[in-house]
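Q: structure, please.
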Amino acid sequence: MDQFQHNSAGYLANHMARLFAAGLARRIQPLGLAPAQFMVLLELWHSDGRTQADLTAALDVEQATMANTLKRMERDGLIRRLPSEEDRRARLIHLTDRARALEAEAKTAAGAQNAQALSGLDAAERATFIALMRRVIGNMQRG
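A: Model prediction:
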């Protein structure tokens with residue numbers, strides 16, 4: 001790693017994200033999940049019955065990426081699409097019983113990945129690190 005990479009927030013954030021994703025993938029793969037599916041499930045476990053557009057915006061991903069992820073999740077029996085009662089043109093994404101049953105185990109796996117990643121930090125450092133990441137994300141979302 002050269003000096004630029006060593007001091008580049010973007011390079012380091014990207015490297016860290018890839019390592020997190022790989023570790024998470026290893027931990028949730030036995031559950032039949034991929035990281036992209038897990039992110040969608042986190043949103044739906046928090047608030048079930050959302051539109052594809054809402055999920056796309058919440059996760060800040062491309063519409064085509066979300067469409068492909070949801071297609072795989074529907075194929076795998078994790079979600080179902082139902083017409084909205086308020087707007088018959090809209091279809092809402094709902095969790096299946098299978099997806100609901102995976103919540104505790106998937107969150108435990110993700111928690112283990114986070115614990116491993118943050119294991120060298122004390123509680124105050126962890127809190128500061130998380131707070132700083134939130135601020136940086138906020139900065140970038142504001143453009």
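Q: tell me the helix or strand right after the least confident helix or strand in the chain by mean pLDDT.
A: Using mean pLDDT, DSSP states H and E, helix 3-7 stands out as the lowest-scoring helix or strand of the chain, at a mean of 74. Per DSSP states H and E, the first helix or strand lying C-terminal to helix 3-7 is helix 9-28.
Q: who touches that following helix?
A: With contacts defined as C-beta atoms under 8 Å, 6 or more residues apart in numbering, helix 9-28 is touched by 4-5, 34-35, 38, 106, 109-110, 112-113, 116-117, 136. Every residue, glycine included, has its C-beta placed from N, CA and C.
Q: what confidence value was assigned to the residue nearest the centre of the chain?
A: Per C-alpha atoms, centre = their mean, the C-alpha nearest to the average position across the chain is that of residue 39, at 2.5 Å. On pLDDT, residue 39 comes in at 96.
Q: contacts only, for the residue lying closest to it once chain neighbours are set aside.
A: Leaving aside its chain neighbours, residue 39 sits nearest to residue 59 (5.6 Å; criterion: C-beta to C-beta, 6 or more residues apart in numbering). Counting by C-beta under 8 Å, 6+ apart, residue 59 touches 39-40, 43, 66.
Q: where does residue 121 land in three-state SS?
A: Here residue 121 is coil, with the state taken from DSSP: H, G, I helix; E, B strand; the rest coil.
Q: burial count for it?
A: If you count neighbours by other C-beta atoms under 10 Å, residue 121 ends up with 13.
Q: again, but for the one 4 residues further on
A: For residue 125, the number of neighbouring residues by other C-beta under 10 Å comes to 11.
Q: a helix runs through it, doesn't it?
A: Yes - under three-state DSSP, residue 125 sits within a helix.
Q: contact partners for residue 53?
A: By C-beta under 8 Å, 6+ apart, the neighbours of residue 53 are residue 63.
Q: in what helix or strand does it lie?
A: Element membership for residue 53, per DSSP H and E: helix 52-59.
Q: who does the least confident helix or strand of the chain touch, helix- and strand-wise?
A: Contact here means 3 or more C-beta pairs under 8 Å, 6 or more residues apart in numbering; DSSP states H and E; on that basis helix 3-7 packs against helix 9-28.
Q: ok, now with 6 Å
A: Using 3 or more C-beta pairs under 6 Å, 6 or more residues apart in numbering; DSSP states H and E, no helix or strand is in contact with helix 3-7.
Q: that's all I had, so thanks and see you.
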